[in-house]
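Colleague: The following block contains a protein sequence and its predicted model.
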Amino acid sequence: ETGVTQTPRHLVMGMTNKKSLKCEQHLGHNAMYWYKQSAKKPLELMFVYNFKEQTENNSVPSRFSPECPNSSHLFLHLHTLQPEDSALYLCASSDTGDSNQPQHFGDGTRLSIL
Amino acid sequence: GQNIDQPTEMTATEGAIVQINCTYQTSGFNGLFWYQQHAGEAPTFLSYNVLDGLEEKGRFSSFLSRSKGYSYLLLKELQMKDSASYLCARGGTGRRALTFGSGTRLQVQP
């Protein structure tokens, strides 16, 4: 089983829909991350959770709502998204939340907003 | 800011050597990562440098100069499967996550 699993792999939704992205890591890590990857732009950090506690919110609009019920699972709840939110959403995990730890990424969810 | 600069695209020939450069802001520096990302796939960890010098791992090597805010990734004996984006990422003190560059898209040609 792969280290970090994201579902769904692809999602198409209207601007008024509510959906959730799921991430699960099987590496025994304590920190989990959400990133947004748009074409020709750097990976943008969205949220960081360390031992289930949110330690960073990188000025993300409230239409994105993260949830971390335990160290192995991370969700991103989506509501009333905009077309510019179409992107690849990547989840990652690391042993601790320190910036000298390599992060392990999932394959991402490709999100398209109609 | 923590601007990270790397070339947008590079092209190289199978069997050759290519060097991908990355520059970053030096204040609050806590290590430099390189990741490889094939189209439609997850970024995968390649290397981590926190001290000056060259780290070698098989065909891939990574170099760091802390004083110059400079790193490079060296790929030897290029193979077609090395065609991918290579992401430079900077770790900073007082911050619990990485700052990524835009990535360098490498195309290996026969």
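Modeller: Everything's here; your move.

Colleague: residues near residue 73, how many?
Modeller: Since no chain was named, I'll use chain A. Per other C-beta atoms under 10 Å in any protein chain shown, the neighbour tally for A:H73 reads 15. All C-beta atoms are positioned from the backbone trio N, CA, C, and that covers glycine.

Colleague: sorry, should have said chain B
Modeller: Residues near B:L73, counting by other C-beta under 10 Å: 26.

Colleague: Excluding covalently adjacent residues, which one is nearest to residue 38?
Modeller: Went with chain A since none was named. Leaving aside its sequence neighbours, A:S38 sits nearest to A:A87 (C-beta to C-beta, 6 or more residues apart in numbering or on different chains; 4.5 Å).

Colleague: nope, chain B please
Modeller: B:A84 is the one closest to B:H38 (C-beta to C-beta, 6+ apart), at 4.6 Å.

Colleague: Next up, phi/psi of the residue in chain A that chain B sits nearest to, please.
Modeller: Among the residues of chain A, A:S99 lies closest to chain B, at 3.3 Å counting by C-beta to the nearest C-beta. In terms of degrees, to the nearest 10, the main-chain angles of A:S99 are phi -80, psi 0.

Colleague: For B:S83, list the residues it contacts.
Modeller: B:S83 makes contact with B:38, B:106-108 under the criterion C-beta atoms under 8 Å, 6 or more residues apart in numbering or on different chains.

Colleague: If you average pLDDT per helix and strand, which one of the chain comes out bottom?
Modeller: Unless you meant another one, I'm taking chain A. Using mean pLDDT, DSSP states H and E, the weakest-scoring helix or strand in chain A turns out to be strand A:53-57, at a mean of 88.

Colleague: that's the wrong chain, I meant chain B
Modeller: Lowest on mean pLDDT, DSSP H and E among the helices and strands of chain B sits strand B:98-100, with a mean of 89.

Colleague: Which SSE is immediately downstream of that one?
Modeller: Moving toward the C-terminus from strand B:98-100, the first helix or strand encountered (DSSP states H and E) is strand B:104-109.

Colleague: Please save the CA atoms from that next one in CSV.
Modeller: Output of strand B:104-109 as CSV, limited to C-alpha atoms (Å, rounded to 0.1, in the frame of the first residue of the first chain):
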residue,chain,number,x,y,z
THR,B,104,12.2,23.1,-13.5
ARG,B,105,10.7,21.0,-16.3
LEU,B,106,13.4,18.8,-17.7
GLN,B,107,12.9,17.2,-21.1
VAL,B,108,15.4,14.4,-22.0
GLN,B,109,15.7,13.8,-25.7
